[in-house]
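Visitor: Generate a structure from the sequence data that follows.
(chains A and B)
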Amino acid sequence: MSALGGKAAGGEGINPTGTVIGIVILLVSIAATYALGFSIIPLIGIIIGGALIGFGVHFVPVGGAPAAMGQAPGIATGVAMLAAGAGLAGLFGGAWAYEATGDFAVAVAGGAVGGGLMMAITCLMVNITYVFAMGIPAASGKIAKDPITGDTFPEYKSQGTEGHGLPFISFFGGVVGGFIAGLGGTLIYLELFEIYHAGLPAIMQADAKAIEPLAVSLAGIFAIGFFLVNAVLAAYNITGTIEGPHDPKFKRVPRAIIGCAVASAFCGLISMLIILHTGM
Amino acid sequence: MTAKMEASAGAISENTLMIYGIVVALVGTYLTYLNVVTGIAVFSFFGGIGAIAAIWWGSDTIKHLCSYGLGTGVPSAGMVAFGAGSIAMIAGTKFGIASPIVTLILAALIGAVIGYIANNIINMNIPVMIFSLMKLSIVGALTMLGFATMCTGTFMFNGLVIGGMTLSMEPAGQAAAGGAQTFMVTILPEFATSLIGGSALAVIFFLGAMALQHPFNACLGPNESQDRTLMLAIEVGFLSMFVVAVMSYAFLDLMSGTVGLIVALLGWYISYKKYIALSKRDAYAWLDAKPIIEVGGNQ
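Guide: Numbers count the residues shown, from 1 in each chain, chains lettered A, B, ... in the order given. Model prediction:
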């Protein structure tokens, strides 16, 4: 939902020229990383993480301002805010899990569960507010029947609205979206942490143990930056509101995956400049 | 829902704003180099002035971008600006004395790539998209660099990552006589107490992002006027600068932190008064709130 009430100009379908140039940017970023003498495995991890964030954000039911008035289904805030909330909750969970266990798989799973849990709590509280405070039932306007529970919606949908509340499919989408976005955010954090953990002691001429807080902070701040860039790109792709995986807008998801992958590749290249020997 | 909101045609053109914004932000950041020349850190507050100039210019850029109806609200533009800006800023500080310039170039590069993705891969088809996101990335990077410089007194990577937290380093001096513990105290906190190592940069990130996204978000509407929006940007910028000045007590000496604090408070007071005056000018009527009159007796 635009704060200005303007209609977004985003068209449907994939722009072939733009996509090809985007993939060229991605490949050039990988080549430049290799040419500068860095390992390209972490960059691939960052690209996958970015694409996962772009994919996950599309599952989250975002209602915007109409949802706050009970005129559209979803959570009553913007895509960027919700995605940042879910992703950062996952990122912190994953970072903590990595520090506690040191195990890559456990940390990534921890991040995914953290993001999913945050969205589950948000969706539950949103539905409690809708049902018990605003007095509206959950009904989607885009489909007639919930694909999972089989509940029908038209009887409950108020006239003149696009639906309201948070039906089960949207709740499910929110949890899945938080899970995937948290997973992607944690993956980016872990890859960046690996890069800095290995590269910073050499460039700062310091003990690896002493440099660890710096590696954690740098990776964390960069991961937040990456996450916001990817989440906003996905938000631009959604152009406002989406009900969840059953929404027709969900078909736009390939564009966001390509876009987020390209953005992550380029930003990943820039973030590696930190451990480049500049001689200054 | 289909009406396109026109950005108010202001007295100052977009390009003039951009030139002033970039020049003041760069000059402000470079003026903090006087710290190194003179050996005292009182010139750090110039970084905050530079950051405010960047925010001032950025709030006008946001206005032009968001008048196209992105569908995601105004704050998302501030978030992408600082997401891209933080990456450019941290990478840019590696380049010594050239850091502010390199930060600007890196931010422009990242902004161009993100703008191209949004416009051509995600098919936004907004004419000003690429240029606007370039400008916003520069704004984000220069704001973060300015505030970080104000906080630590330097814009170079080593100054930002090697701890200078005077308050927390005092116990380290007392414990210097101790045995094995000395190693823990003097070596480990060296990085953990710095601006980036202690993640204080994350606070600057959101202070800047809020200052950038708030002015147009608060002033938009049919009655939006450029001077009022820009004055609000300065006011919110000084408010963020105040918090940064408080943070700078941890990294700088008492005198330098206080200078920053006084400049921020003074700037905030003046800009707030001006903003209220402009709001009164633009308002249809201005009614001062009064307490509800108690009606006595049987009325």
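
Visitor: buried ones in the helix or strand hosting residue A:268?
Guide: In the assignment (DSSP states H and E), residue A:268 maps to helix A:253-272. Using 16 or more other C-beta atoms under 10 Å in any protein chain shown as the test for burial, helix A:253-272 gives A:253, A:255-272. In this view, the C-beta of every residue, glycine as well, is placed from N, C-alpha and C.

Visitor: And that helix, what does it pack against?
Guide: Applying 3 or more C-beta pairs under 8 Å, 6 or more residues apart in numbering or on different chains; DSSP states H and E, one finds that helix A:253-272 contacts helix A:16-35, helix A:41-57, helix A:168-204, helix A:208-238, helix B:75-92, helix B:99-116.

Visitor: low-scoring stretches of chain B, by residue?
Guide: Along chain B, the parts satisfying pLDDT under 70 run over B:1-10, B:163-189, B:297-299.

Visitor: So which residues on the stretch 151-299 of chain B come close to chain A?
Guide: B:157, B:161, B:187-188, B:190-192, B:194, B:196-199, B:201-202, B:205, B:217, B:220 (C-beta under 8 Å from any C-beta of the partner chain).

Visitor: out of these, which are buried?
Guide: Buried, going by 16+ other C-beta under 10 Å: B:157, B:161, B:188, B:190-192, B:194, B:196-199, B:201, B:205, B:217, B:220, out of these.

Visitor: can you pull the alpha-carbon coordinates of stretch A:103-119 into CSV?
Guide: The C-alpha coordinates for stretch A:103-119 follow below in CSV (Å, rounded to 0.1, in the frame of the first residue of the first chain):
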residue,chain,number,x,y,z
ASP,A,103,28.1,-25.8,13.7
PHE,A,104,27.1,-24.4,10.4
ALA,A,105,24.0,-26.6,9.9
VAL,A,106,22.7,-25.9,13.4
ALA,A,107,23.2,-22.2,13.0
VAL,A,108,21.4,-22.0,9.6
ALA,A,109,18.5,-24.1,11.1
GLY,A,110,18.5,-21.8,14.1
GLY,A,111,18.2,-18.8,11.9
ALA,A,112,15.3,-20.3,9.9
VAL,A,113,13.4,-21.4,13.1
GLY,A,114,14.0,-17.9,14.6
GLY,A,115,12.5,-16.2,11.5
GLY,A,116,9.6,-18.6,11.3
LEU,A,117,8.9,-18.3,15.1
MET,A,118,8.9,-14.5,14.9
MET,A,119,6.4,-14.6,12.0
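
Visitor: So which residue is smack in the middle of chain A?
Guide: residue A:53 (3.3 Å; C-alpha atoms, centre = their mean).

Visitor: Residue numbers of the stretch 51-200 of chain A in contact with chain B?
Guide: Residues of the stretch 51-200 of chain A lying near chain B (C-beta under 8 Å from any C-beta): A:64, A:78, A:79, A:80, A:81, A:84.

Visitor: among the buried ones among the residues of the stretch 151-299 of chain B next to chain A, which are in helices?
Guide: B:157, B:161, B:190, B:191, B:192, B:201, B:205, B:217 (DSSP state H).

Visitor: And the residue of the stretch 51-200 of chain B closest to chain A?
Guide: Proximity of the stretch 51-200 of chain B to chain A (C-beta to the nearest C-beta) peaks at residue B:69, 2.2 Å away.

Visitor: May I ask you to confirm that that residue belongs to a strand?
Guide: No. With DSSP: H, G, I helix; E, B strand; the rest coil as the criterion, residue B:69 is assigned coil and is not in a strand.

Visitor: For residue B:206, list the residues it contacts.
Guide: Taking C-beta atoms under 8 Å, 6 or more residues apart in numbering or on different chains, we find residue B:206 in contact with residue B:82.

Visitor: distance of it from residue B:118?
Guide: Using C-beta to C-beta, to the nearest Å, we find residue B:206 at a distance of 22 Å from residue B:118.

Visitor: got it, and residue B:202?
Guide: Distance from residue B:202 to residue B:118, by C-beta to C-beta: 25 Å.

Visitor: How far does the helix holding residue A:268 sit from its chain's centre?
Guide: 12 Å (C-alpha atoms, centre = their mean, to the nearest Å).

Visitor: got it, and stretch A:233-251?
Guide: That offset, for stretch A:233-251, works out to 13 Å (C-alpha atoms, centre = their mean).

Visitor: Pull out the buried positions in it.
Guide: Result for stretch A:233-251 [16+ other C-beta under 10 Å]: buried residues A:233-247, A:249.

Visitor: Kindly report the same for stretch A:69-81.
Guide: A:70, A:71, A:72, A:73, A:74, A:75, A:76, A:77, A:78, A:79, A:80, A:81.

Visitor: Secondary structure element holding the first one?
Guide: Using DSSP H and E, residue A:70 is not contained in any helix or strand.

Visitor: correct me, but it touches residue A:162?
Guide: No. Applying C-beta atoms under 8 Å, one finds residue A:70 not in contact with residue A:162, separated by 10.5 Å.

Visitor: Could you say which helix or strand holds residue B:52?
Guide: Per DSSP H and E: helix B:45-66 holds residue B:52.

Visitor: just how off-centre is that helix within its chain?
Guide: 7 Å.
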